[in-house]
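Trainee: How does the following fold in three dimensions:
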Amino acid sequence: MILLPLAAAIVFIAPTIVLGLGMGGSIAPTQIAGIMSLPRKRSGLASGRILTTRQSGTTMGIAVLGLIIAHHVGPDPDASGFATGFVDGFRVVCGVAGVVTSPSQR
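Mentor: Numbering: from 1, shown residues only. Now for the predicted structure:
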């Protein structure tokens, strides 16, 4: 981060803050809705399952997205090749994420 020019740092930091706020604001209501949907005696089970599912999904998502980016970067890129490959891979990742998270038409 220190090596980035100010404009590049702002372009990187602003979306990260927005994503962090969105994720932070959505986790608690999701957790509460999941826990409240079951009887009180099963609230611990619901909490554990929600947490496990979220952690497993995050881990798998990061692994798959990293694999897509690594495929586009290649085995031994130079500095400019890495940047180009990373951006190309990130575009694919954004497309995949958009398709996966888009609401389905019923």
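Trainee: the helices in this protein, which residues?
Mentor: For the chain, applying DSSP state H gives helices covering 6-36, 43-73, 79-101.
Trainee: name the helices or strands packed onto the second one?
Mentor: Contact partners of helix 43-73 among helices and strands, from 3 or more C-beta pairs under 8 Å, 6 or more residues apart in numbering; DSSP states H and E: helix 6-36, helix 79-101. Glycine gets a C-beta too; all of them are placed from N, C-alpha and C.
Trainee: In the last one, which residues are buried?
Mentor: Counting neighbours by 16 or more other C-beta atoms under 10 Å, one finds that the buried residues in helix 79-101 are G85, F86, G89, V93.
Trainee: How about the contacts made by the third one?
Mentor: Going back to what we said before, that points to G89. I68, I69, A70, H71, H72, V73 (C-beta atoms under 8 Å, 6 or more residues apart in numbering).
Trainee: What distance do you get for the fourth one to S56?
Mentor: Translated: H71. 23 Å (C-beta to C-beta, to the nearest Å).
Trainee: Lovely, talk soon.
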